[in-house]
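Asks: Give me a 3D structure for the following:
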Amino acid sequence: MPSLPAPDYPADVRERLEADAREVIARYPDSRSALLPLLHLVQAEEGYVTRTGIRLCAELLGLTTAEVTAVATFYTMYRRKPGGDYQVGVCTNTLCAVLGGDAIFDALKRHLDVGNGETTDDGKVTLEHIECNAACDFAPVVMVNWEFFDNQTPESAIRLVEDLRAGRGAEPTRGAPLCTYRETARILAGFPDQRPGAVEASGGAGPASLAGLRLAKGENGTARVGPPRGAPPRDERPPEHLSSHDAPQQTSASDPEHPSGPVTEEGEE
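Replies: Down below sits the predicted model:
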């Protein structure tokens, strides 16, 4: 059976959302470009993108509901069903996985008794595995409502979700203070974070992320980001090792065990 038309918001909610939406739309020369922040705006209202929210976006932007739905279903940052106050995402991409991300995800599934994309019975936590958080230098990483919790273990991740469920809150390793999923969605829609000190706390990258920049500037750090593995003493230089990056070197010089064969020009026998 075809779905009935999506119901409208209550009049007062519709009026408020329309006013916010028109403020967002006015920022773009082409109104269609406002679709992504508008989806965050309606997600902030009910915690996920409802059919009613899709209808509102379509009407304000002059799009079809099919066009809006195509965008909302393409991006994983938009929920299509109700979820928890805190979206706990465990990175299971390569580096985080080998450093413990898979173990963290499995531990949280067992502890919370939920699967990927599912929400605890108390409505507090939605668990999901996510792709790279772009924080490999702090692996394994867990994100709660897109805020970083670095260098996690199964034990620390379990403590984290228990603090969230108990209402004790949690402080991200870096970045702004934690807020609920709906509050986060409104910020992502482009509205300022009104909490005192939240913007200033957003900060920048951590020490591990900036190590390469410091080296490029010729700065000498007093502490290493991580313990060197098999590094020679500081007063000794490692033996010269030629690689394919040491051009111009012949292959036979860079890898004596596997010298290159005869090189011919294209078309030659």
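Asks: Average pLDDT for the helix or strand hosting residue 57, rounded please.
Replies: For residue 57, the host element (DSSP states H and E) is helix 51-61. Average pLDDT, helix 51-61: 95.
Asks: Also stretch 171-187?
Replies: Mean pLDDT, computed over stretch 171-187, is 90.
Asks: Can you measure across it, start residue to end residue?
Replies: 18 Å (CA to CA, to the nearest Å).
Asks: quick one: contacts of it?
Replies: Applying CB atoms under 8 Å, 6 or more residues apart in numbering, the contact partners of stretch 171-187 are 40-41, 43-45, 47, 83-87, 126, 138, 144-151, 169-170, 193, 195, 197-199, 201-203, 205-206. (Each C-beta comes from the backbone N, C-alpha and C, glycine too.)
Asks: Out of the residues you listed, which end up buried?
Replies: 40-41, 43-45, 47, 83-87, 126, 138, 144-151, 170, 193, 206 (16 or more other CB atoms under 10 Å).
Asks: hey, where'd the strands end up in the stretch 1-150 of the chain?
Replies: 86-91, 125-130, 142-144, 147-149 (DSSP state E, counting those that start in this stretch).
Asks: so can I have JSON lines of those showing distance to residue 155?
Replies: Below are those laid out as JSON lines (distance: least, CB to CB, whole Å):
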{"stretch": "strand 86-91", "distance to residue 155": "14"}
{"stretch": "strand 125-130", "distance to residue 155": "16"}
{"stretch": "strand 142-144", "distance to residue 155": "12"}
{"stretch": "strand 147-149", "distance to residue 155": "13"}
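Asks: where does this protein dip in pLDDT?
Replies: 1-3, 199-205, 221-269 (pLDDT under 70).
Asks: in the protein, which residue is closest to the centre?
Replies: Geometric centre of the chain, nearest residue: residue 133, 4.3 Å, by CA atoms, centre = their mean.
Asks: who's in contact with that one?
Replies: By CB under 8 Å, 6+ apart, the neighbours of residue 133 are 89, 91, 93, 96, 141, 143, 148.
Asks: Widest-spaced pair of the residues you listed?
Replies: 93 and 148 (14.8 Å; CB to CB).
Asks: then stretch 141-151 to CSV, C-alphas only?
Replies: What follows is stretch 141-151, C-alpha atoms only, in CSV (Å, rounded to 0.1, in the frame of the first residue of the first chain):
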residue,chain,number,x,y,z
VAL,A,141,39.0,6.3,18.8
VAL,A,142,35.4,6.4,19.9
MET,A,143,33.2,9.3,19.0
VAL,A,144,30.1,10.4,21.0
ASN,A,145,27.9,12.8,19.0
TRP,A,146,30.9,13.5,16.9
GLU,A,147,33.2,14.5,19.8
PHE,A,148,36.5,12.6,20.2
PHE,A,149,37.3,10.1,23.0
ASP,A,150,40.8,9.1,22.1
ASN,A,151,43.1,6.1,23.0
